[in-house]
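> Next one to model:
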Amino acid sequence: MKKHINKFWSAIMIAALMGCGNSQQNAYKSSKIDIDPNETLTKNSDNITQKITPSLWVETKDAKAVVDYYLSIFKDGKLKEHRKYKNPPEAGGEDFETAIMEINGIEFNILAAGPFFKFNESVSFVINCKDQAEVDYYWDALTANGGEESSCGWCKDKYGLSWQVVPVEYFDLINSDDPKVREKAMKNTLKQKKLILSELK
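Below you'll find the predicted structure:
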């Protein structure tokens, strides 16, 4: 139990330090965590572009594989940084990885530190789709290879992260001034897994 707690807090510390750049070099050294310079794509950047950055703790230990997976789905994206860390013996000694990826102009931190936490439906990301074809693309991509369909436009990817795949016209329907339009859209939403726009109108 103590071993798991030590590894947990070491990983939490690294999550807080991710992407902070030159100002954190002393913190890296004092934590006795080794950075593999050969795996660093952008060195010590202090150009943090977002005030708030979503951080995703995945159960795997391979952050690069996680980024590759998401970039295979979201084409407007890139890997910005990949780091490997080694915990000191008193924290269990196991390796873990971090990465920073950018998708559609939004940065995400990836913490690949093993199976300590699982995603759940209380947090999800909305994909605003221009039409049904785009809904179909993201739905099929996210639910393939271990993903899972849910209801009312929600699904999970293979890591268990929840997504809402929504055609933007859907919001016009459920917020329509016409109560009949609103009622039909809401009623039919409850019958669907993937949102089918033609059945909601």
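> and the nearest residue to Gln50 once chain neighbours are set aside, what element?
Counting by C-beta to C-beta, 6 or more residues apart in numbering, Glu107 is the residue found nearest to Gln50 once chain neighbours are left out, at 5.4 Å. Every residue, glycine included, has its C-beta placed from N, CA and C. Assigned by DSSP states H and E, Glu107 belongs to strand 106-112.
> domain parsing for this structure?
The chain breaks down by automatic domain parsing into domains covering 2-112, 124-200.
> Now the terminal residues of the shortest one, how far apart.
Domain 124-200 has an end-to-end distance of 22 Å (C-alpha to C-alpha, to the nearest Å).
> sorry, back to before: run me through the strand neighbours of the strand holding Glu107, direction for each.
strand 55-58 (parallel), strand 95-103 (antiparallel) (DSSP bridges).
> For Leu111, find the nearest of those strands.
Leu111 lies closest, by C-beta to C-beta, to one member of those: strand 55-58, at 4.6 Å.
> Next secondary structure after that closest one?
Reading on from strand 55-58 to the C-terminus, the next helix or strand found by DSSP H and E is helix 63-73.
> Which secondary structure elements does that next one sit against?
For helix 63-73, the packing partners by 3 or more C-beta pairs under 8 Å, 6 or more residues apart in numbering; DSSP states H and E come out as strand 77-86, strand 95-103, strand 106-112, helix 132-143.
> Could you save the ones you listed as JSON lines and add columns showing distance to Thr189 and mean neighbour count?
Listed next are the helices and strands packed on helix 63-73 as JSON lines, based on distance: least, C-beta to C-beta, whole Å; neighbours: other C-beta atoms under 10 Å:
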{"stretch": "strand 77-86", "distance to Thr189": "29", "mean neighbour count": "19"}
{"stretch": "strand 95-103", "distance to Thr189": "26", "mean neighbour count": "22"}
{"stretch": "strand 106-112", "distance to Thr189": "26", "mean neighbour count": "21"}
{"stretch": "helix 132-143", "distance to Thr189": "13", "mean neighbour count": "17"}
